[in-house]
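K.L.:
here are the coordinates; sequence isn't available:
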């Protein structure tokens with residue numbers, strides 16, 4: 001049983017973002033762009049910056065870029081904010097370009113983890129970077145959060161460093177690092193930052209900025225939710241917490257004192273500081289006691305067990321995780337620590353965590369406060385209604401003021417006509433980092449705020465032709481979905497609201513989303529609103545009306561969904577629904593496409609080499625793909641990101657979705673791990689069964705698996721017996737339907753029938769016009 005949660009405490013902990021008194025520098029007004037040079041500061045009339053933000057991304061003033069959101073939010077509080085984007089990290093000099101910050105440094109690696117941005121799932125260096133002008137790789141260092149923090153400290157030693165962003169969020173405790181294949185310390189220790197803010201940090205950054213502006217020492221700011229910091233083990237400020245020891249597995253629970261069976265009830269009561277008058281007449285002064293027989297030996301329940309179990313208040317409780325040294329040396333304890341961390345992620349009932357790093361004189365405790373309170377709808381509107389320029393900084397423009405060509409920023413091009421309507425995801429997919437960063441409670445904007453942004457794009461964004469490329473978020477269709485009551489939501493400790501099935505307490509009403517879609521596409525000047533975010537189809541099939549609305553009005557020929565696999569083994573480790581949900585959605589998709597007279601396709605995404613996947617699972621997936629005529633051009637291989645549950649499986653071979661034991665007690669506690677280049681290559685080859693280059697590998701594998709019956713030249717066979725005379729290279733439909741641009745290919749889909757374009761499209765149009773009317 002979960003202990004009752006004091007919901008009122010958590011409600012009181014959230015101070016509205018708009019309730020702070022503005023800092024005196026608000027008199028300078030709003031900057032069109034945050035300055036990136038002294039000359040820009042001079043134009044604004046600033047002699048200094050109150051806060052300098054350092055980021056690994058190019059500076060794009062748009063609500064999809066984290067530094068722009070944090071910067072505009074701080075500006076709205078009255079602070080002067082400057083930005084240093086993608087600085088040369090070889091020395092501290094580039095970090096001095098805006099002078100010494102009056103309050104603090106704000107540091108982030110960028111919208112992406114710098115290691116995932118730089119390396120593929122096979123640990124090969126990428127040549128591109130979508131967040132850099134010209135799509136050029138290598139403009140940020142590996143482990144950028146650490147490197148930037150070190151350079152900031154060198155530049156101005158006494159200025160506090162506040163670290164944030166997804167790279168910091170996913171490394172707030174000791175974590176497995178896929179690139180070095182070892183467990184690394186918390187980034188708070190390695191970066192030597194004063195505070196780490198994890199998750200969407202508007203609440204925390206605003207409170208910290210005002211407290212630092214009031215001259216409160218940064219080392220005293222230890223009570224802000226959604227933060228991590230370092231303390232010495234002997235620090236007196238941590239002594240008033242109730243510490244819960246979780247440093248080992250298979251530890252017994254609370255042990256009560258045993259009753260002495262040779263003690264009389266009165267003696268037992270005396271030990272408890274009470275009397276038992278009924279059993280001991282002597283206590284009543286009876287005259288019959290002199291003739292009474294010898295004392296009767298009675299065995300009674302321990303009175304201590306009758307007392308109500310006193311649970312320490314959750315807001316003053318801290319769970320001690322196994323130390324860095326323990327999880328580094330013991331994969332079982334690593335899996336246990338990961339499980340505890342994920343159980344303490346609901347802002348309504350999460351407790352603080354602490355993890356020791358080092359021993360002796362170097363000993364430090366990393367403290368992690370409970371997650372931040374989610375933003376209200378009014379606060380979400382405030383964040384997205386801030387005065388964003390909605391374009392890259394002018395420094396990236398060419399002589400004509402254009403952001404095309406060598407100065408184009410691909411990430412900006414992808415989202416420039418899209419609208420983010422919500423945050424968070426309650427799916428709980430084990431390979432995904434959204435829940436660890438944004439949380440599983442959905443935070444939605446109001447319909448009016450979304451419509452206003454669509455109108456702003458229509459009226460203000462250069463190059464808009466009438467099509468909104470996306471109206472979504474981490475998931476396309478979780479807008480305004482959540483628990484039926486705040487009390488249930490605050491008490492829940494489940495990692496997912498939709499696995500193994502949709503929770504009975506989850507609302508699945510897509511009505512508000514349907515209403516927004518209809519209102520958006522009815523706006524003057526809006527020709528089309530597409531849905532580019534991934535769709536949670538197990539939720540969508542709960543509302544056929546939504547599926548119809550989506551399919552008939554908001555699909556541009558192709559819709560992305562992510563079954564990830566067809567087999568139960570890997571799906572249970574991913575916490576994804578069975579393939580039956582996909583089949584139900586596809587039936588509705590095809591039905592409503594046919595009714596609308598449209599030829600449309602689903603683009604399913606699958607993962608190779610995920611923990612829990614056997615070679616036989618991949619073989620069955622390949623057979624399913626061929627049966628359903630799918631030829632995947634792009635293959636997604638499992639990428640172990642820090643702190644994800646699937647990464648804990650990969651490192652430990654254990655399943656943190658179950659209670660961790662020292663010795664495996666059931667089959668579902670262990671996980672089959674796909675390690676080594678050979679097996680990973682085989683799993684990818686099964687996904688690309690149609691590529692002749694993979695056939696020799698697949699033939700050998702199928703023979704060794706006893707499935708040579710799948711080798712042959714018939715339609716029911718997976719791969720043929722022959723090898724082509726040419727090099728075997730497979731020319732995908734994606735390449736056939738691609739347009740070369742400056743040596744690159746612009747693609748529209750993955751392995752499905754190509755769209756008719758160009759002269760072919762004109763021919764088809766002419767034929768249709770020439771066709772006699774009935």
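P.N.:
Yep, it's here. Treat the numbers as computed from the prediction; the structure is a model and nothing was measured.

K.L.:
so where is this protein shaky, pLDDT-wise?
P.N.:
Applying pLDDT under 70 to the chain flags residues 1-13, 238, 251-310, 399-406, 727-774.

K.L.:
the nearest residue to residue 568 once chain neighbours are set aside: how many residues sit nearby?
P.N.:
Using CB to CB, 6 or more residues apart in numbering and skipping the chain neighbours, the partner closest in space to residue 568 is residue 578 (6.8 Å). Any C-beta I mention is one placed from the backbone N, CA and C, and that applies to glycine too. Using other CB atoms under 10 Å, the number of residues around residue 578 comes to 17.

K.L.:
pretty sure residue 578 is touching residue 569, no?
P.N.:
No - counting by CB atoms under 8 Å, residue 569 is not a contact partner of residue 578; they are 11.6 Å apart.

K.L.:
how about the helices in the stretch 1-150 of the chain?
P.N.:
7-12, 38-44, 66-76, 114-118, 144-155 (DSSP state H, counting those that start in this stretch).

K.L.:
dump the ones you listed to a markdown table, plus mean neighbour count and distance to residue 334.
P.N.:
Below are the helices of the stretch 1-150 of the chain laid out as a markdown table (neighbours: other CB atoms under 10 Å; distance: least, CB to CB, whole Å):
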| stretch | mean neighbour count | distance to residue 334 |
| --- | --- | --- |
| helix 7-12 | 13 | 30 |
| helix 38-44 | 15 | 47 |
| helix 66-76 | 23 | 29 |
| helix 114-118 | 22 | 19 |
| helix 144-155 | 23 | 21 |
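
K.L.:
right, and the ones you listed - which one's nearest residue 517?
P.N.:
The closest of these to residue 517 is helix 66-76. By CB to CB, the value is 24.9 Å.

K.L.:
what's next to that closest one, contact-wise?
P.N.:
17, 30-31, 34, 50-51, 53, 55, 57, 59-63, 81, 83, 85, 106, 108, 110-111, 164-166, 201-202, 205-206, 209, 382-383, 386-388 (CB atoms under 8 Å, 6 or more residues apart in numbering).

K.L.:
what about the closest residue to residue 37 other than its chain neighbours, neighbour count?
P.N.:
Spatial nearest neighbour of residue 37, excluding adjacent residues (CB to CB, 6+ apart): residue 97 at 6.6 Å. A count of nearby residues for residue 97, using other CB under 10 Å, gives 16.

K.L.:
hmm, back to that, let me have the helices of the stretch 1-150 of the chain in CSV, adding distance to residue 395 as columns.
P.N.:
As requested, the helices of the stretch 1-150 of the chain are arranged in CSV below (distance: least, CB to CB, whole Å):
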stretch, distance to residue 395
helix 7-12, 43
helix 38-44, 9
helix 66-76, 15
helix 114-118, 21
helix 144-155, 19
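
K.L.:
which of those helices sits closest to residue 693?
P.N.:
That would be helix 114-118 among the helices of the stretch 1-150 of the chain, by CB to CB, at 26.6 Å.

K.L.:
show me how far the closest one is from its chain's centre.
P.N.:
Distance of helix 114-118 from its chain centroid, counting by CA atoms, centre = their mean, to the nearest Å, is 16 Å.

K.L.:
so what's residue 121 up against?
P.N.:
636-639.

K.L.:
now do residue 363
P.N.:
232-233, 356-357.

K.L.:
try 10 Å this time
P.N.:
232-234, 323, 356-357 (CB atoms under 10 Å, 6 or more residues apart in numbering).

K.L.:
how about residue 718?
P.N.:
So residue 718 contacts 619, 622-623, 625-627, 686, 689-690, 695, 698-699, 702, 707, 709-712 (CB under 10 Å, 6+ apart).

K.L.:
and with 6 Å instead?
P.N.:
Neighbouring residues of residue 718 by CB atoms under 6 Å, 6 or more residues apart in numbering: 622, 689, 710.

K.L.:
likewise for residue 548?
P.N.:
residue 592 are the contacts of residue 548 under CB under 6 Å, 6+ apart.

K.L.:
please apply the same query to residue 457.
P.N.:
417, 464.

K.L.:
and the one 4 residues further on, by the same measure?
P.N.:
Contacts for residue 461 were tallied using CB under 6 Å, 6+ apart; they are residue 390.

K.L.:
what's residue 352 sitting at in phi/psi?
P.N.:
Torsion angles at residue 352 (phi, psi; degrees, to the nearest 10) stand at phi -70, psi 160.

K.L.:
which element, helix or strand, includes the closest residue to it other than its chain neighbours?
P.N.:
Leaving out its chain neighbours, the residue that sits closest to residue 352 by CB to CB, 6+ apart is residue 318, at 4.2 Å. Assigned by DSSP states H and E, residue 318 falls within strand 317-320.

K.L.:
in the stretch 451-600 of the chain, what residue spans correspond to helices?
P.N.:
486-491, 511-521, 537-540, 544-553, 568-574, 579-595.
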